[in-house]
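A.B. asks: what follows is a predicted protein model with its sequence.
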Amino acid sequence: MSNNTLSAIRDYLNQSIVGQTEFINQLLIALLADGHILVEGPPGLAKTRAVKALSECIEGDFHRVQFTPDLLPADLTGTDVFHPETASFSFQKGPIFHNLVLADEINRAPAKVQSALLEAMAEQQITVGSNSYKLPKLFMVMATQNPIEQEGTYPLPEAQLDRFMFKLCLNYPDAENELKILQLTEREAKQVHLRQPEPLTQQKLFALRRAIMEVHIAPQLNQYIVDLVVATRQPERYTDEFSQWLEFGASPRASISLARAARAKAWLDGRDFVSPEDIQQLAYPVLRHRLLLSYQAQAKGIQADAVIQRLLELVAFA
């Protein structure tokens, strides 16, 4: 199937969100690979704007939920409403029942809310009382967290982090791109809007997802993916330094995510096969939130990306 529609959407997003080309590519990869995204970055980097712009290009609806310490599970999932006139209850759906859900500042919500979101991401359903309700077939969560302000936050449990296909880290734009952002906002203030591409229907999106699974991954590349992930669990097989950096490694879900994402990336790039470079580039967003670094690594200021870089040096593609 042709990727002309996706190319038009990518061009539109790159014009709408200036200087975030890699972020937009990975957003589209996650959409095609049926994955959720966790985005970490300072405020004002167009995270909400990106998801909203993407939702405008897809046949579906978008909802933003601001996570706060006083948020309740029912504020996310919905609740049973009692009707006195009929002495009966009916379920009123919450914002989680949209196709694209932005969970803004996800680490500000308490454990009960995180648990409700985990069920939605893991099972594509929510439970209220004794009843479970299926979510839409097209369901994607993009969660954000602010790395600067940590007061009043709740660290995400590892089980929930593992449900995100990618963790993306955004930085401030350079001076050239910031000037383009100013020019874009001036045009929008004058009601000069970009022309939106033809919307991608859900039927076509699901067909694209099936087509992507036909992208070829050579047996040696599947083995390479497994070797990378297993190395995070058995770092002692490599060097003492590498072993001292890791407390716990990635789960098999990392292997699945890396393979699916690599297929989607290859397809977006116009290829019908996965290359080692696809896997190496996507190892960072797939693994950085799944590695639990040791106290020694944290004390030395070693970040997850440095560990992944070392992993790629130690585990060579045969």
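C.D. replies: Sure thing, it's come through.
A.B. asks: what segments of the stretch 201-318 of the chain are strands?
C.D. replies: 246-248, 292-293 (DSSP state E, counting those that start in this stretch).
A.B. asks: mind putting those strands in JSON lines, mean neighbour count, distance to residue 111 and mean pLDDT included?
C.D. replies: Every residue, glycine included, has its C-beta placed from N, CA and C. Listed next are the strands of the stretch 201-318 of the chain as JSON lines, based on neighbours: other C-beta atoms under 10 Å; distance: least, C-beta to C-beta, whole Å; pLDDT from 0 to 100:
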{"stretch": "strand 246-248", "mean neighbour count": "16", "distance to residue 111": "20", "mean pLDDT": "93"}
{"stretch": "strand 292-293", "mean neighbour count": "16", "distance to residue 111": "19", "mean pLDDT": "94"}
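A.B. asks: mind putting those into TSV with distance to residue 220?
C.D. replies: Converted to TSV, the strands of the stretch 201-318 of the chain look like this (distance: least, C-beta to C-beta, whole Å):
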stretch	distance to residue 220
strand 246-248	25
strand 292-293	29
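A.B. asks: restricting to C-alpha, output stretch 182-194 in PDB.
C.D. replies: C-alpha atoms of stretch 182-194 as PDB (Å, rounded to 0.1, in the frame of the first residue of the first chain):
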ATOM      1  CA  LEU A 182       7.500  33.100  15.800                       C
ATOM      2  CA  GLN A 183       6.700  33.500  12.200                       C
ATOM      3  CA  LEU A 184       4.300  30.500  12.300                       C
ATOM      4  CA  THR A 185       2.400  32.000  15.300                       C
ATOM      5  CA  GLU A 186       2.200  35.400  13.500                       C
ATOM      6  CA  ARG A 187       0.600  33.700  10.500                       C
ATOM      7  CA  GLU A 188      -1.800  31.800  12.600                       C
ATOM      8  CA  ALA A 189      -2.800  35.000  14.500                       C
ATOM      9  CA  LYS A 190      -3.600  36.500  11.100                       C
ATOM     10  CA  GLN A 191      -5.900  33.500  10.400                       C
ATOM     11  CA  VAL A 192      -3.500  32.100   7.800                       C
ATOM     12  CA  HIS A 193      -3.700  28.400   8.400                       C
ATOM     13  CA  LEU A 194      -1.900  25.500   6.700                       C
END
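A.B. asks: ok, residue 123 - contacts?
C.D. replies: Residue 123 makes no contacts at all, as judged by C-beta atoms under 8 Å, 6 or more residues apart in numbering.
A.B. asks: backbone phi and psi for it, please?
C.D. replies: With angles defined as degrees, to the nearest 10, residue 123 sits at phi -110, psi -10.
A.B. asks: and of the strands of the stretch 201-318 of the chain, who's closest to residue 27?
C.D. replies: Closest approach to residue 27 among those (C-beta to C-beta): strand 292-293, 25.9 Å.
A.B. asks: sorry, back to before: of all the strands of the stretch 201-318 of the chain, which one is nearest residue 187?
C.D. replies: Using C-beta to C-beta, those put strand 292-293 closest to residue 187, at 43.9 Å.
A.B. asks: what's the closest one in contact with?
C.D. replies: Contacts of strand 292-293 (C-beta under 8 Å, 6+ apart): 158, 245, 246, 247, 248, 249, 302, 304, 307.
A.B. asks: show me this structure divided up by domain.
C.D. replies: What automatic domain parsing lists as the domains of the chain is 4-189, 215-314.
A.B. asks: switch those domains over to a markdown table; also include distance to residue 198.
C.D. replies: Putting the domains of the chain into a markdown table (distance: least, C-beta to C-beta, whole Å) gives the following:
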| stretch | distance to residue 198 |
| --- | --- |
| domain 4-189 | 7 |
| domain 215-314 | 18 |
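A.B. asks: what's the closest of those to residue 205?
C.D. replies: Residue 205 lies closest to domain 4-189 among the domains of the chain, at 6.8 Å (C-beta to C-beta).
A.B. asks: what is the burial count for the spatially closest residue to residue 126 that is not a sequence neighbour?
C.D. replies: Excluding the flanking residues, the one nearest residue 126 by C-beta to C-beta, 6 or more residues apart in numbering is residue 77, at 4.3 Å. Here the number of neighbours of residue 77 (other C-beta atoms under 10 Å) works out to 24.
A.B. asks: on that earlier part again, lowest-confidence stretch among the domains of the chain?
C.D. replies: Per-stretch mean pLDDT for the domains of the chain is lowest at domain 4-189 (a mean of 90).
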